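Undergrad: Need a 3D model of the following:
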Amino acid sequence: MLPVTTLTSTHTELLAAIQSKRAKAGVIGLGYVGLPLAISMARAGFTVFGFDIDPEKITMIEGHQSYIEAVPHAILGEEVLAGRFSATCDFSRLAECDVIAICVPTPLTRYRDPDLTYVENTCRDIAKTLRPGQLIVLESTTYPGTTDEIMRPILEKTGLKSGQDFFLGYSPEREDPGNRDFQTSTIPKVVAGDGDQASELMQAFYGQVVQTIVPVSGTRTAEAVKLTENIFRAVNIALVNELKLVYDAMGIDVWEVIDAAKTKPFGYMPFYPGPGLGGHCIPIDPFYLTWKSREFEQPTRFIELAGEINTAMPRHVVEKLAEALDRRLGKALSRSRVLIIGLAYKKNVPDIRESPSLRLLELLLERGADAAYHDPFITEIPKTREYGHLKGRHSEPLDPVTVAAFDAVVIATDHDAIDYAGLERDAPLIVDTRNVFARRQIASDKVVKA
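TA: Take a look at the predicted model:
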């Protein structure tokens with residue numbers, strides 16, 4: 001163990017550097033979480049290095065071109081020109097950083113087990129240049145115990161010790177793509193450290209980057225906070241998705257039920273059904289806890305049931321579509337042309353991570369339909385882990401001739417830019433999974449809710 005004087009000196013020097021903003025920060029992973037975080041750090045007055053394995057992102061940043069809606073081109077360019085932010089693929093420069101935030105993906109395997117490959121590989125990259133006086137922070141969503149069970153052993157293989165030579169922390173990201181009411185700096189941020197000194201450093205650093213910090217007792221608690229937030233949404237969305245099926249069988253409009261129920265000023269919070277769950281968090285994060293809970297022989301029946309219900313929703317939409325085609329047009333799904341409106345997992349964003357629209361498209365093709373999509377934000381389907389066979393398909397135009405050539409249109413994502421009145425005019429049949437026509441008061445006997 002290092003002498004107390006050395007321990008105190010390492011902590012004190014880093015704390016002073018953070019408080020004076022002399023500390024240099026690094027952000028690994030410049031995606032929807034990492035780039036906004038890096039810019040927030042730079043705007044707070046820190047010198048920030050962004051790290052990513054994608055050279056195209058680096059080129060765009062150097063050209064002052066943002067690929068994330070939450071970071072305007074002008075603000076990105078301002079920070080780059082001022083020298084407060086730069087991006088690189090050279091991970092050896094992590095040695096220059098006093099604070100390093102990890103913002104890499106934490107997906108699931110095909111068996112719904114946590115895949116921490118990106119976190120582990122990133123920690124190994126950090127270990128190559130790890131030095132005394134650095135604060136390493138994980139922001140990726142994960143199960144309780146990742147920081148001390150996975151990160152710490154990898155970093156301590158260098159011979160340096162957490163809490164003595166370097167410091168570890170966890171602070172879960174809380175980004176909401178497309179939500180313009182909040183920015184990274186205005187969303188309260190949960191912070192925790194591996195020990196008291198790491199906690200003090202976490203609070204000192206993030207307290208200068210965001211308006212409000214929420215310290216908790218340890219990294220496992222902070223990891224559990226993020227999972228709890230997303231499990232809450234997943235379970236409640238599953239509940240309304242199940243209610244949709246039950247009420248539909250009874251001839252009751254679940255959307256009308258929710259609109260009436262939300263007038264109660266207490267004890268109720270509205271959640272809305274849809275064609276499934278999308279985004280990197282809600283469809284994935286609950287399974288991180290179900291996996292970890294097995295270690296403690298604790299069942300997670302609510303969470304697993306919610307996952308089953310939400311995963312089944314795209315198939316329900318396809319069945320509803322097949323029924324409508326048969327009854328309304330007298331056509332089999334296998335002989336029909338179907339246009340999906342919206343490939344993104346939520347409206348007004350170009351994000352297709354875990355989007356149920358991809359599963360919808362796949363199911364339609366499996367059933368023999370001639371299926372295509374239109375999305376004003378996604379001109380071409382990129383390579384994805386699970387839907388590589390869909391790569392390269394292009395967004396169809398939304399002109400009257402094109403729309404009329406399809407037998408049915410499925411509203412999977414309710415982008416504001418879509419001409420819904422035009423769709424109602426030109427499409428022979430519309431299956432609406434988002435209640436968009438009722439919300440816009442467009443009455444039509446062509447519309448079937450699903």
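
Undergrad: C-alpha from now on. contacts and neighbour counts both.
TA: Noted.

Undergrad: tell me the contacts of residue 22?
TA: Applying CA atoms under 8 Å, 6 or more residues apart in numbering to residue 22 gives the contacts 46, 47.

Undergrad: which phi and psi does it have?
TA: Residue 22 has phi and psi values of phi -80, psi -20 when expressed as degrees, to the nearest 10.

Undergrad: Could you measure from it over to residue 48?
TA: From residue 22 across to residue 48, the span is 11 Å (CA to CA, to the nearest Å).

Undergrad: now swap in residue 264 and tell me
TA: Counting by CA to CA, the gap from residue 264 to residue 48 is 47 Å.

Undergrad: do residue 382 as well
TA: 29 Å.

Undergrad: Of the two, which one has the most company?
TA: Between residue 382 and residue 48, counted using other CA atoms under 10 Å, the more crowded position is residue 48 (27 against 15).

Undergrad: next structured bit after the helix or strand containing that one?
TA: When elements are assigned from DSSP states H and E, residue 48 belongs to strand 47-51. Of the helices and strands lying after strand 47-51 in sequence (DSSP H and E), the nearest is helix 55-62.

Undergrad: what residues does that following helix touch?
TA: Against helix 55-62 from outside (CA under 8 Å, 6+ apart): 30, 52, 66, 67, 76, 77, 80, 86, 87, 88, 89.

Undergrad: what's the answer for stretch 354-365, then?
TA: Against stretch 354-365 from outside (CA under 8 Å, 6+ apart): 275-280, 283, 314-315, 317-318, 340, 342-345, 370-373, 387, 390, 412-413.

Undergrad: Run the chain-centre distance for that stretch.
TA: 18 Å (CA atoms, centre = their mean, to the nearest Å).

Undergrad: Could you do stretch 288-295 as well?
TA: The answer for stretch 288-295 is 20 Å, by CA atoms, centre = their mean.

Undergrad: what comes up buried for that stretch?
TA: By neighbour count on 16 or more other CA atoms under 10 Å, the buried set for stretch 288-295 is 288, 289, 290, 291, 292.

Undergrad: pLDDT on that stretch, on average?
TA: Stretch 288-295 carries an average pLDDT of 90.

Undergrad: cool, and stretch 103-113?
TA: If you average the pLDDT over stretch 103-113, you get 88.

Undergrad: again, but for stretch 13-29
TA: 97.

Undergrad: Run through the strands of the stretch 351-450 of the chain in chain order.
TA: 370-374, 408-411, 430-432, 447-449 (DSSP state E, counting those that start in this stretch).

Undergrad: now, of the ones you listed, which is deepest in the fold?
TA: Counting by mean count of other CA atoms under 10 Å, strand 408-411 has the highest mean neighbour count of the strands of the stretch 351-450 of the chain, with a mean of 27.

Undergrad: Output that one as PDB, restricted to C-alpha atoms.
TA: Taking C-alpha atoms only, strand 408-411 is exported to PDB below (Å, rounded to 0.1, in the frame of the first residue of the first chain):
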ATOM      1  CA  ALA A 408     -51.400  -0.700 -47.100                       C
ATOM      2  CA  VAL A 409     -49.400   1.800 -45.100                       C
ATOM      3  CA  VAL A 410     -48.300   1.000 -41.500                       C
ATOM      4  CA  ILE A 411     -47.700   4.000 -39.200                       C
END
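
Undergrad: Adjacent strands (with direction) for that strand?
TA: Partners of strand 408-411 in the sheet, by DSSP bridges, are strand 337-341 (parallel), strand 430-432 (parallel).

Undergrad: which residues sit against it?
TA: Residues contacting strand 408-411 (CA under 8 Å, 6+ apart): 325, 336-342, 403, 427-434.

Undergrad: taking the mean pLDDT, what do you get for that strand?
TA: pLDDT averaged over strand 408-411 gives 98.

Undergrad: So residue 303: helix, strand or coil?
TA: Of the three states, residue 303 takes helix according to DSSP: H, G, I helix; E, B strand; the rest coil.

Undergrad: Make JSON lines from the strands paired with strand 408-411 and add mean pLDDT to it.
TA: As requested, those are exported to JSON lines (pLDDT from 0 to 100):
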{"stretch": "strand 337-341", "mean pLDDT": "98"}
{"stretch": "strand 430-432", "mean pLDDT": "98"}
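
Undergrad: Mind checking those strands for the one nearest to residue 197?
TA: strand 337-341 (51.2 Å; CA to CA).
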